[in-house]
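Novice: fold the following and give me the result.
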Amino acid sequence: MKRRGAKAQRHKLAAVFPGIVLSVALSPYNWGEQPPSVKPAPSAAVRDSLERFHSIIPEGGKPRLLIDGAVEKPGLTMTEGPAWIHSKLFFSNYYMFWKKFGTSEEGGLCVWEPDGAWRVLNRDVQTCGTDPMQNGNLAACDLIHRSIIEMNPEGKVVGILADSFNGIPFGMPNDVIVDARGGIYFTDPVIAREGAAQPTKGIYCRDPRGKVSRVADCDENSFPNGLALSPDRKTLYLNDSWSTALWKFDVKSDGSLTNRRRFADLALSESRSSAEKKTTNADGMAVDSSGHLYVATDLGIQIFSPAGERLGVISFPTVPSNCKFGGGDLRTLYVTGGKRVYSIQTKQRGIGYPLR
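Specialist: Now for the predicted structure:
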């Protein structure tokens, strides 16, 4: 979830290394305005990382604009929460932080069809993260009612899955992921300013029987946001919008989390790297079947190996908010951000949802 306008970025694919950003959309290297005759040769490490980057993103690959909510009616304000199920892309859109809820024809939950058509499914909600459930419905973060709701493929709310813990309402659930057991993990990065409030930010889990537990506490100076599960379902990843940290936890057989440790560090955009507070605006995440982690940040979609090595960045004209794999072969990465929805082809196969 991002509560700010999306700042336009130069469209490119980039591999990012310490101190170096290499554009790979038009040519393998970007050495600024230096004459070709004085270009330094790339190091072995750079060549290796480019090779690994291109094993994921084809050289010369470019994002494809699927929806432009700036010109297409009824419009979009902040796209989020992509989920591929029933051979369609479901996604969220919310505008409640920019204009009064109920004053727009924009929807909360929308759907895009492979033939290019898209439509609003429900205007009466403002959803953020979504994820397919085993019964074919969607678990979704409801920003207005500060809860996790269940929605059917037609966009109807069919139930409330979780709206409180220990009798106290959540601050505002943000991202959600459903595991193979039917357990539902979600982040709650906001402490309510009015009324009863949870004592801490954190990660919660609703088990298959409906019991809600707080499975991880998060520091008050953090903004726990995106979640993802590894292909073997044994590791849960968490990012923090207000820092460069990527975290990972071991997932126990009962769904509880243990052994929190730092997995990797996100790269900073040029403007953020010189700021006092090193924020990345990290948001939604995806994982492919090889275990690569894809993280939406204000720099672009940053890609990490299963070992935590940063392999590269896919930049978009709009700052991305979230990403998920889909398409018939699960090799298309769908990306939401601002008023738009994009896709980009990859060489990697994503993980099919719902998880089994």
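Novice: what count of nearby residues applies to residue 277?
Specialist: For residue 277, the count of nearby residues is 8 (other CB atoms under 10 Å). Backbone N, C-alpha and C define where each C-beta goes, glycine included.
Novice: where does the nearest residue to it once chain neighbours are set aside sit: helix, strand or coil?
Specialist: Ranked by CB to CB, 6 or more residues apart in numbering and with sequence neighbours excluded, the top spatial neighbour of residue 277 is residue 242, at 7.2 Å. The three-state label given to residue 242 by DSSP: H, G, I helix; E, B strand; the rest coil is coil.
Novice: neighbours around residue 242, how many?
Specialist: Residues lying near residue 242 (other CB under 10 Å) number 18.
Novice: kindly report the same for residue 318.
Specialist: Under the criterion other CB under 10 Å, the count of neighbours that residue 318 has is 24.
Novice: use 383 as the first number from now on
Specialist: With the count now opening at 383, the last piece we talked about shows up as residue 700.
Novice: is it in contact with residue 723, as I believe?
Specialist: No - here residue 700 does not reach residue 723: they are 9.5 Å apart, not a contact under CB atoms under 8 Å.
Novice: overlap of the contact sets of these two?
Specialist: Counting by CB atoms under 8 Å, 6 or more residues apart in numbering, no residue touches both residue 700 and residue 723.
Novice: what's near enough to touch residue 557?
Specialist: The contact partners of residue 557, by CB under 8 Å, 6+ apart, come to 383, 463, 510, 511, 523, 568, 569, 607, 608, 609, 665, 666.
Novice: list the contacts of the fifth one.
Specialist: What that stands for is residue 523. Residue 523 is in contact with 463, 509-512, 529-530, 554-558, 568, counting by CB under 8 Å, 6+ apart.
Novice: a helix runs through it, doesn't it?
Specialist: No - assigned with three-state DSSP, residue 523 falls outside any helix and is strand.
Novice: who does it form a beta bridge with?
Specialist: Beta bridges link residue 523 to residue 530 when assigned by DSSP bridges.
Novice: that one and residue 493, how far apart?
Specialist: 17 Å (CB to CB, to the nearest Å).
Novice: which residue ranges of the stretch 583-732 of the chain form helices?
Specialist: 652-655 (DSSP state H, counting those that start in this stretch).
Novice: pLDDT below threshold where in it?
Specialist: Low-confidence segments of the stretch 583-732 of the chain (pLDDT under 70): 656.
Novice: now the strands: where do they sit in it?
Specialist: For the stretch 583-732 of the chain, the strands defined by DSSP state E, counting those that start in this stretch cover 583-588, 594-600, 606-611, 617-622, 627-633, 639-647, 667-669, 675-679, 682-686, 692-696, 704-708, 714-719, 722-727.
Novice: for residue 467, which of those strands is the nearest?
Specialist: Within the strands of the stretch 583-732 of the chain, the stretch nearest residue 467 is strand 704-708; the backing value is 8.5 Å (CB to CB).
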